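**Q** This is a predicted model, with the sequence first.
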2 protein chains.
Amino acid sequence: MTRVVQKYGGSSVATPIKLRRVARRIRESMQSGTDVVVVVSAMGDTTDELIALAHRITSDPPSREMDMLLSSGETITAPLLAMALHAAGTPAISLTGAQAGIRTSHAHRTARIVDIVPQRVLDELALGNVVVVAGFQGATEEMDVTTLGRGGSDTSAVALAVAVGADRCEIFTDVPGVHTADPRLVPSARVIPAIDYDEMLELASAGARVMHPRAVEIGEAYSMEIHVRSTFDNEPGTIIARQREMEIRQKVRAIAHETDVAKVTLLRVPDRPGVAASIFGPFGDAGIDVDIVLQNVGHDGATDLSFTIAESNLPKARRMLASVAKSVQAQGYHATAGVAKVTVIGSGLRGTPGIYAKIFQALAAKDINIQMIATSEIHVTCIIDRPRVRDAVRALHTAFELERI
Amino acid sequence: MTRVVQKYGGSSVATPIKLRRVARRIRESMQSGTDVVVVVSAMGDTTDELIALAHRITSDPPSREMDMLLSSGETITAPLLAMALHAAGTPAISLTGAQAGIRTSHAHRTARIVDIVPQRVLDELALGNVVVVAGFQGATEEMDVTTLGRGGSDTSAVALAVAVGADRCEIFTDVPGVHTADPRLVPSARVIPAIDYDEMLELASAGARVMHPRAVEIGEAYSMEIHVRSTFDNEPGTIIARQREMEIRQKVRAIAHETDVAKVTLLRVPDRPGVAASIFGPFGDAGIDVDIVLQNVGHDGATDLSFTIAESNLPKARRMLASVAKSVQAQGYHATAGVAKVTVIGSGLRGTPGIYAKIFQALAAKDINIQMIATSEIHVTCIIDRPRVRDAVRALHTAFELERI
């Protein structure tokens, strides 16, 4: 008996008609003799509407109460999908995250899954039911409702797949899979048939929105195969799994980009222990995620320190910068909006001579200036002017021949 | 320390502005040093909207899934009110019915409360929190969500009041209390300051919508004082409690009416055991509530049997009547729409000579024909033509001088 967990995102379940369509797809899976657990998101914009409702009450709602409120979005979708399955002749039962045994930390709005006790899910599968679980939510040991933050439903799905011993976790979405680049920027971009967890993690972190890094991390930790597929056709999509070395290590896999980026530089920061903590501590406290951090070799006991943040956080960051710069005795600072991040990803970057040169030449040939460079074993990120992002992604996609299979 | 349970209905919590107003009212209760548990309904028309959503999926949704869906209405209101209380400086926490320990039977959509384990509620009160509980819902011992059917939130409130040892249960509503008659029909109707459980039960059953009979029954069983009050002012409203005999036994308390009524008569039904069961069994199975049943003394071994149902159920009833009449060998049947029920209620009816005469004379004086009469110790119900209902209620209100205190 095959067992799969399928996750359907908000746009796949946005209306009753779409829910009925999803029910038919699940029914097809059942008829091939497969146990199915389904994880659903809130319908369409429900979560945003609930947040707006809370903000009509107060600008600063307690996190615990927000979790109770927001969890209702998924708790509405789950029984509706179970009804649609019933109506299609497929026995089904809906469960909240708490009922499905998803136990989390107490960090409301950003809770982490601590454990899953899947007995109820297994019992319902044994009774022949499709089990529809409300995604994005769990409960503490005191049975207080929590939500899992960004990428929560993907995380619910992969974690449940591990807990129930599924053969794979299928993430159904409104795109046909993971692309070699954003097809809106690069018309010749194609779906990647198979990708390693590490590469997918980099891709997700570098701006590809199709899957959240947290869910990929869980998949990697437990070697759970994840399929990213379209809700609207039967194409195989992208398989995220541990790849055999030979097949993939030579390759660049994809070009990712991110446009909500601003760059901050602190000038001539004295080079002594604890400085980085003094800088990034306050940003963390203010809820500003710092992405890339670059610190070059210093001279005369001081160094320039640059980092990127989301441009949407720039106004908040500007209000803090003067005092942060003063606290570390920096000579000054500047903050630049309007940049973008372009990232080349692939296990093939490891130990391939000349690959950096190829990247920088491709950009230079288009007269694109590189403002910052950051690398790891499997990615190279360049910060460039935002208006050039399309040209940069296209140039790199062509340079590495990603349009070819 | 005083402890109260307050229940706010859907129209009292329909918008964020109304929720903030309710929060201020609760805050006033707190400042007088009172422990407060609040039970809330779904906002405005939320429940109807959720039902409509389900019916866009299927015409016959499973009850278990409907309960999961419908419970989200109250599960949205509760955290929003807790947020409004926080914003007003009052510590508060929201709980689902399950979290509040409300254990019910497995009868989805019409579950009965089996037990309340109020430990979490008591713990939160001890911490100084207002505890906001989602009404209308509970959970089975397997932690499946159930809803309590009509009057569910009133029932949650009175049952919780009993479980936490409250001094009273306050039902806040959009009317100032229980009236001597519907003030839209009788402008001189006034709020009844105090009423016995029995009388309130009759009144609720006879068409007064201000409180559900189930909740009154629980109040009576556990002698829990219930106050019915307006959300929008500070008037005392109506106190439902065991009354001292001397004060009330002489009085007619109120005139109730109900207009969604149809009358059915089976003609010359053979007078033998089991006939009534053969008639009402099929109606019960079809979900048609039968209200008043009248069977007169038979002659020649047969009798006419009349009963009333909601007129909204009449089309369904008509489809069954021919076969029901045939099965009991009735000579025929007729079904009449367009009637109404007018009921005089009061413990004073017991053993008061001449009271029936006074009722019938009041109606006769207005030339109102009585089609059926049913009585108990504390009520007299007359079935009349629907267009005369206003005249009948006014005539009776005047005859018993209910406009006087």
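**A** The structure has been received and is ready for your questions.

**Q** excluding its backbone neighbours, what's nearest the most centrally placed residue in chain A?
**A** Centre of chain A computed as the mean C-alpha position; nearest residue by C-alpha atoms, centre = their mean is residue A:212, 1.9 Å away. Using C-beta to C-beta, 6 or more residues apart in numbering or on different chains and skipping the chain neighbours, the partner closest in space to residue A:212 is residue A:151 (2.2 Å). C-betas here are computed from N, CA, C, even on glycine.

**Q** mind checking the SS state of residue A:329?
**A** In the three-state summary, residue A:329 is assigned as coil, counting by DSSP: H, G, I helix; E, B strand; the rest coil.

**Q** Can you pull the residues of chain A lying near chain B?
**A** A:16, A:19-20, A:50, A:53-54, A:56-58, A:60-62, A:64-66, A:68-69, A:71-72, A:75-76, A:78-80, A:82-84, A:86-87, A:93-94, A:96, A:98-99, A:120, A:143-145 (C-beta under 8 Å from any C-beta of the partner chain).

**Q** residue farthest from the centroid of chain A?
**A** In chain A, by C-alpha atoms, centre = their mean, residue A:300 is the one farthest from centre (41.2 Å).

**Q** picking up where we left off before, spell out for me the ChimeraX command that would select the buried members of the residues of chain A next to chain B.
**A** Per 16 or more other C-beta atoms under 10 Å in any protein chain shown, the buried members of those correspond to this ChimeraX selection:
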select /A:16,19,20,50,53,54,57,58,61,62,64,65,66,68,69,71,72,75,76,78,79,80,82,83,84,86,87,93,94,96,98,99,120,144,145
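
**Q** Show me the residues of chain A next to chain B that map onto strands.
**A** Where the residues of chain A next to chain B overlap with strands, as defined by DSSP state E, the overlap consists of A:93, A:94, A:145.

**Q** Let me know the closest of the residues you listed to chain B.
**A** Each of these was checked against chain B using C-beta to the nearest C-beta; the closest is residue A:94, at 5.2 Å.

**Q** just checking, that closest one touches residue B:65?
**A** Yes: the pair residue A:94 and residue B:65 qualifies as a contact (C-beta atoms under 8 Å) at a distance of 5.9 Å.

**Q** which neighbours do those two share?
**A** Counting by C-beta atoms under 8 Å, 6 or more residues apart in numbering or on different chains, the common neighbours of residue A:94 and residue B:65 are A:79, A:82.

**Q** Would you check that residue A:256 makes contact with residue A:201?
**A** No: between residue A:256 and residue A:201 there is no contact, the gap being 11.3 Å when judged by C-beta under 8 Å.

**Q** which residues does the residue nearest to residue A:212 contact?
**A** A:211, A:212, A:213, A:214, A:215.

**Q** Tell me which two in those are the farthest apart.
**A** Taking C-beta to C-beta as the measure, the contacts of residue A:151 span a maximum distance of 9.3 Å, between A:211 and A:214.

**Q** Tell me which of those two has more neighbours.
**A** With neighbours defined as other C-beta atoms under 10 Å in any protein chain shown, residue A:211 and residue A:214 compare such that residue A:211 has more, 24 against 21.

**Q** Could you grab the helix/strand/coil label for the more buried one?
**A** Reducing the assignment at residue A:211 to three states with three-state DSSP gives coil.

**Q** Pass me the low-pLDDT residue ranges in the stretch 151-300 of chain A, would you?
**A** Under the criterion of pLDDT under 70, the regions of the stretch 151-300 of chain A flagged as low confidence span A:244-250.

**Q** can you map out the strands along it?
**A** Counting by DSSP state E, counting those that start in this stretch, the segments of the stretch 151-300 of chain A that form strands are A:168-173, A:194-195, A:226-230, A:238-240, A:254-270, A:290-295.

**Q** can you give me the helices in the stretch 1-150 of chain A?
**A** For the stretch 1-150 of chain A, the helices defined by DSSP state H, counting those that start in this stretch cover A:16-31, A:46-57, A:63-87, A:119-126.

**Q** can you put these in JSON lines and add mean pLDDT?
**A** Listed next are these as JSON lines, based on pLDDT from 0 to 100:
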{"stretch": "helix A:16-31", "mean pLDDT": "92"}
{"stretch": "helix A:46-57", "mean pLDDT": "96"}
{"stretch": "helix A:63-87", "mean pLDDT": "97"}
{"stretch": "helix A:119-126", "mean pLDDT": "97"}
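
**Q** Same list, these, but as TSV with distance to residue B:29 please.
**A** Converted to TSV, the helices of the stretch 1-150 of chain A look like this (distance: least, C-beta to C-beta, whole Å):
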stretch	distance to residue B:29
helix A:16-31	42
helix A:46-57	19
helix A:63-87	20
helix A:119-126	39
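
**Q** who touches the residue nearest to the centre of chain A in this structure?
**A** Neighbours of residue A:212 in contact, by C-beta under 8 Å, 6+ apart: A:150, A:151, A:152, A:154, A:155, A:204.

**Q** cool, residue A:221 as well?
**A** When contacts are counted by C-beta under 8 Å, 6+ apart, residue A:221 touches no other residue.

**Q** measure stretch A:55-65 end to end?
**A** For stretch A:55-65, the separation between the terminal residues is 12 Å (C-alpha to C-alpha, to the nearest Å).

**Q** let me fix that: stretch A:343-359
**A** When the termini of stretch A:343-359 are compared using C-alpha to C-alpha, they are 10 Å apart.
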